[in-house]
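Undergrad: What follows is a predicted structure for the sequence shown.
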Amino acid sequence: MIKIQEKQYYIIRSLSMANYLVRHGYDIKKVSDSEKNNQFKVFLFSDSDELRSAMAQFNQEV
């Protein structure tokens with residue numbers, strides 16, 4: 001998780017997780033190059049308990 005302009009974001013590295021979250025009503029706030037490997041993108045979502053719950057649901061379904 002990182003802070004950008006005083007907002008907290010959760011970084012998603014998985015395209016399938018990002019797609020799942022978008023399909024379930026969560027908006028991607030920003031797309032950025034990965035700090036670990038600039039050939040990859042990361043997806044930033046507003047961090048919330050609801051987001052984390054949706055992520056847990058995704059992990060149970062996979």
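TA: Alright, I've got the coordinates. Model, not experiment: these values are computed from the prediction.
Undergrad: Low-confidence ranges, the chain, go.
TA: Confidence mapping of the chain against pLDDT under 70 gives the ranges 1-6.
Undergrad: show me where it has helices.
TA: 15-23, 49-61 (DSSP state H).
Undergrad: Including distance to V42 and mean neighbour count, could the ones you listed go into CSV?
TA: In this view, the C-beta of every residue, glycine as well, is placed from N, C-alpha and C. Listed next are the helices of the chain as CSV, based on distance: least, Cβ to Cβ, whole Å; neighbours: other Cβ atoms under 10 Å:
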stretch, distance to V42, mean neighbour count
helix 15-23, 9, 15
helix 49-61, 14, 12
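Undergrad: Let me know which of the ones you listed is the nearest to F40.
TA: helix 15-23 (9.4 Å; Cβ to Cβ).
Undergrad: Distance check, the residue nearest the centre of the chain against N37.
TA: For the chain, I12 is the residue whose C-alpha lies nearest the centre (Cα atoms, centre = their mean; 3.4 Å). According to Cβ to Cβ, to the nearest Å, I12 stands 15 Å off from N37.
Undergrad: coming back round to it: with distance to K41 added, can I get the helices of the chain in a markdown table?
TA: Compiled in a markdown table, these are given as follows (distance: least, Cβ to Cβ, whole Å):
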| stretch | distance to K41 |
| --- | --- |
| helix 15-23 | 8 |
| helix 49-61 | 18 |
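Undergrad: beta partners of L44?
TA: Legend: beta-bridge partners of L44 under DSSP bridges are I11, K30.
Undergrad: That one: neighbour count?
TA: L44 sits with 20 neighbouring residues when counted by other Cβ atoms under 10 Å.
Undergrad: Let me see the contact set for it.
TA: Neighbouring residues of L44 by Cβ atoms under 8 Å, 6 or more residues apart in numbering: I2, I4, Y9, Y10, I11, I12, I28, K29, K30, V31, S32.
Undergrad: what's the answer for V62, then?
TA: So V62 contacts S16 (Cβ under 8 Å, 6+ apart).
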